[in-house]
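Colleague: Whatever this is, show me its structure:
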Amino acid sequence: MSIGIGIIGTGGISNSHVRGYQANSSLGKIVAVADIDGARAEEAASRWGVDFYTTDYREILARDDVDVVSVCTYNQAHRQPTVDALAAGKHVLCEKPMAATLDDAKAMAKAARDSGRILMIAIHSRYSPQTIAAKKIIDSGALGRVYYGETISTRRRWIGSGSFARKETAGGGAVVDIGVYSLDTALHLLGHPRPKRVSGTTCMAITKDPSAQVYGGHSWDVDRTNVEEFGAAWIRFENGLCITFKTSWAIHGNSMGRSFFLGEKGGVALGPLEYYGDQFGMMVNVIPQDLPPEEDRFVLETRDFLECVRDGRPSPIPPEQVVVTNVIMDALYRSAAADEEVEVTPWQDVL
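Modeller: A predicted model of the protein is given here:
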């Protein structure tokens with residue numbers, strides 16, 4: 001049976017979802033498209049070879065030939081289509097971040113539990129060969145108890161534009177855009193520990209400097225942009241682990257360093273993947289050789305999603321895991337606003 005697919009939102013990221021679905025055409029077919037802009041919906045449907053398009057996503061949810069939907073709207077509009085789709089009995093692949101706010105993410109996770117349908121969050125970094133290999137190393141116990149790590153994503157000069165540039169549509173800047181990948185990577189590699197306190201900071205300085213739009217950078221609307229270009233946090237977890245988180249759209253520097261994780265028996269660094277430990281009475285560095293080649297991660301994640309729908313398996317990237325990124329981001333923003341360390345939202349109010 002071919003799985004019927006609906007696309008909600010035809011902005012830039014929808015093209016990556018569609019590329020993934022089209023590469024997995026043996027599993028499913030796109031049968032409906034929705035966007036609040038009718039002209040964009042019509043153009044996208046024509047480009048993707050889809051007959052049905054609409055400005056009201058609820059018309060997609062009412063169709064019997066739609067089994068799953070991809071939610072590709074801007075961040076602040078992730079919640080309602082996702083909740084409505086799950087209530088209508090559809091499985092959902094929602095683009096990252098899970099939601100613009102913690103309240104939205106909590107509502108989405110609850111809707112998935114109540115519906116019994118799959119909600120998968122599109123965190124494509126989970127399909128990186130490096131991440132998969134690092135997970136194998138850490139799960140083997142080679143690091144022992146991990147007590148400290150740093151998780152980092154750096155852009156030197158690529159400030160978001162369009163819906164990415166406004167809190168009203170994006171919910172945040174670099175933290176929710178690219179920082180969510182490095183946060184999820186750390187949580188995923190370390191078995192999803194629960195955070196308890198966060199001390200965070202954000203900055204919007206280069207963004208407001210017109211002279212910073214230099215050769216080699218990405219242009220943006222200086223007057224319109226109202227989200228952070230930089231975010232950092234010190235995160236304490238219930239198991240004693242501490243993680244430093246850093247992310248940027250714009251800095252005066254080439255890099256803020258590599259992501260790494262330190263344990264009592266060994267350590268791992270990413271970019272490139274490297275293991276550190278003691279063997280043969282010596283300190284050793286191990287660099288894995290011939291990792292699988294990087295594949296199109298959107299093809300991999302849509303395949304995983306469709307196969308789980310077909311086989312009745314649980315979500316490959318479930319909301320109960322990804323909501324923790326929203327817990328941390330919420331605390332980071334509250335801490336930055338208060339200029340002090342804050343407690344995360346109590347877990348009984350999250351899950």
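Colleague: Could you count how many residues lie near Trp220?
Modeller: 23 (other CB atoms under 10 Å). Heads up, the C-betas are built off the backbone N, CA and C, glycines and all.
Colleague: helix, strand or coil for Thr325?
Modeller: On the three-state scheme (DSSP: H, G, I helix; E, B strand; the rest coil), Thr325 is labelled helix.
Colleague: Return the residues in contact with it.
Modeller: 97-98, 180, 183-184, 187 (CB atoms under 8 Å, 6 or more residues apart in numbering).
Colleague: okay, these in TSV with neighbour count and secondary structure next?
Modeller: Output for those, formatted as TSV (neighbours: other CB atoms under 10 Å; DSSP: H, G, I helix; E, B strand; the rest coil):
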residue	neighbour count	secondary structure
Pro97	29	coil
Met98	33	coil
Val180	26	helix
Leu183	29	helix
Asp184	26	helix
Leu187	22	helix
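Colleague: Gly6 sits in which helix or strand?
Modeller: Counting by DSSP states H and E, the element that carries Gly6 is strand 3-8.
Colleague: Against Trp234, how distant is Tyr341?
Modeller: Not Tyr; residue 341 is Glu. Taking CB to CB, to the nearest Å as the measure, Glu341 falls 8 Å from Trp234.
Colleague: Need the overlap of contacts for those two.
Modeller: 198-199.
Colleague: low-scoring stretches of the stretch 201-350 of the chain, by residue?
Modeller: Nowhere does the stretch 201-350 of the chain drop to pLDDT under 70.
Colleague: hmm, 80 instead?
Modeller: 215-218, 347-348 (pLDDT under 80).
Colleague: Quick check: mean pLDDT of the strand holding Gly6?
Modeller: The average pLDDT for strand 3-8 rounds to 98.
Colleague: I'd assumed Val268 was in contact with Gln130.
Modeller: No. Between Gln130 and Val268 there is no contact under CB atoms under 8 Å: 10.2 Å.
Colleague: ok so, going back, I'd like the contacts of Thr325 as TSV, with distance to Asp223 appended.
Modeller: Output for these, formatted as TSV (distance: CB to CB, whole Å):
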residue	distance to Asp223
Pro97	25
Met98	30
Val180	26
Leu183	30
Asp184	32
Leu187	36
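Colleague: quick check, nearest of those residues to Glu168?
Modeller: Glu168 has its nearest neighbour among the contacts of Thr325 in Pro97, at 15.5 Å by CB to CB.
Colleague: Val322 versus that closest one, what's the distance?
Modeller: 8 Å.
Colleague: between those two, what contacts are shared?
Modeller: In contact with both Pro97 and Val322: Ile121, using CB under 8 Å, 6+ apart.
Colleague: Break down the stretch 101-250 of the chain into its strands, ranges please.
Modeller: Per DSSP state E, counting those that start in this stretch, the stretch 101-250 of the chain carries strands over the ranges 119-122, 146-154, 195-203, 230-237, 242-248.
Colleague: what about Pro193, how many neighbours?
Modeller: 17.
Colleague: Now it. Its backbone dihedrals?
Modeller: phi -70, psi 160 (degrees, to the nearest 10).
Colleague: nearest residue to it other than its sequence neighbours?
Modeller: For Pro193, ignoring the flanking residues on the chain, the nearest one in space by CB to CB, 6 or more residues apart in numbering is Phe237 at 4.4 Å.
Colleague: so what does the helix or strand following the strand holding Gly6 touch, helix or strand wise?
Modeller: The helix or strand immediately downstream of strand 3-8 is helix 12-23, counting by DSSP H and E. Secondary-structure packing of helix 12-23 (3 or more CB pairs under 8 Å, 6 or more residues apart in numbering; DSSP states H and E): strand 3-8, strand 28-34, helix 38-48, strand 68-71, strand 91-95, helix 297-311.
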